[in-house]
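Undergrad: The sequence and its predicted three-dimensional model are supplied below.
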Amino acid sequence: QVQLVESGGGLVQTGGSLRLSCAAAGLTFSGYSVGWFRQAPGREREFVAAIVWSGGSTYYADSAKDRFACSRDFALSSVKLQMNSLKPEDTAVYFCAVKRGSNGWGIRRLDEYIYWGQGTQVTVSS
C-alpha cells in the first residue's frame with residue numbers, strides 16, 4: 001500500500017519561508033513525477049509545483065515561480081518544496097501527489113495523480 005506523508009507546514013509571517021517535505025512508503029519515486037498542490041478554504045485544489053524524479057525537471061504555477069523551488073532529496077528519498085517570500089494568499093493545505101511518467105505530460109493536472117498525501121497546513125500571517 002502506497003502512503004505519502006507531507007511534513008514541514010506551519011505558521012509563518014509574511015515574507016518568511018517554509019520547507020515542505022514529501023516522503024513515500026510502499027513506492028519509490030523512480031519513474032514517477034511528484035506534484036505539490038494546495039487548497040485554500042472555499043477554493044478548488046490547485047497545482048503549485050512538480051518535479052520529475054528521473055532527471056529533475058521542474059514545473060511551477062505562475063504564483064509559485066521565482067518564490068518556490070522543488071527538489072529531490074536522494075538521501076532521504078523525498079521531495080522538498082522550498083517556499084520563500086510567503087504571502088497571506090499562500091495560506092492553504094498543501095498536498096503532495098504522485099503520477100506515473102517522466103515526460104512532464106499532464107503534470108499540472110490533478111486527475112493525472114494517482115496517490116495523494118493527507119496534506120499539511122501552511123498559514124501565512126499578515
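TA: Thanks, I have it.
Undergrad: what's across from the spatially most central residue of the chain in the sheet?
TA: The residue lying closest to the centre of the chain (CA atoms, centre = their mean) is residue 36, at 2.3 Å. Residue 36 forms beta bridges with residue 49, residue 96, as assigned by DSSP bridges.
Undergrad: Quick one: residues contacting the spatially closest residue to residue 13 that is not a sequence neighbour.
TA: For residue 13, ignoring the flanking residues on the chain, the nearest one in space by CB to CB, 6 or more residues apart in numbering is residue 125 at 5.4 Å. Quick note: C-beta positions are derived from backbone N, CA and C, even for glycine. By CB atoms under 8 Å, 6 or more residues apart in numbering, the contact list for residue 125 reads 11-14, 88.
Undergrad: and what of residue 61?
TA: 46-49, 108.
Undergrad: Give me the pLDDT for residue 54.
TA: pLDDT, residue 54: 92.
Undergrad: meant to ask about residue 67
TA: Reported pLDDT for residue 67: 98.
Undergrad: State the distance from it to residue 87.
TA: 8 Å (CB to CB, to the nearest Å).
Undergrad: Quick check, residue 83 in contact with residue 15.
TA: No. Residue 83 is beyond contact range of residue 15, at 11.4 Å (criterion: CB atoms under 8 Å).
Undergrad: Tell me which of these two has more neighbours.
TA: Between residue 83 and residue 15, counted using other CB atoms under 10 Å, the more crowded position is residue 83 (26 against 10).
Undergrad: Distance check, the residue nearest to residue 13 against residue 11.
TA: From residue 125 to residue 11 the distance is 7 Å (CB to CB).
Undergrad: With residue 75 instead?
TA: 28 Å.
Undergrad: Looking at these two, which is more packed in?
TA: Legend: neighbour count by other CB under 10 Å for residue 75 and residue 11, higher for residue 11 (12 against 6).
Undergrad: and residue 35, how many neighbours?
TA: Neighbour tally, residue 35, other CB under 10 Å: 27.
Undergrad: How about the contacts made by it?
TA: Applying CB under 8 Å, 6+ apart, the residues near residue 35 are 47-50, 96-99, 107-108, 113.
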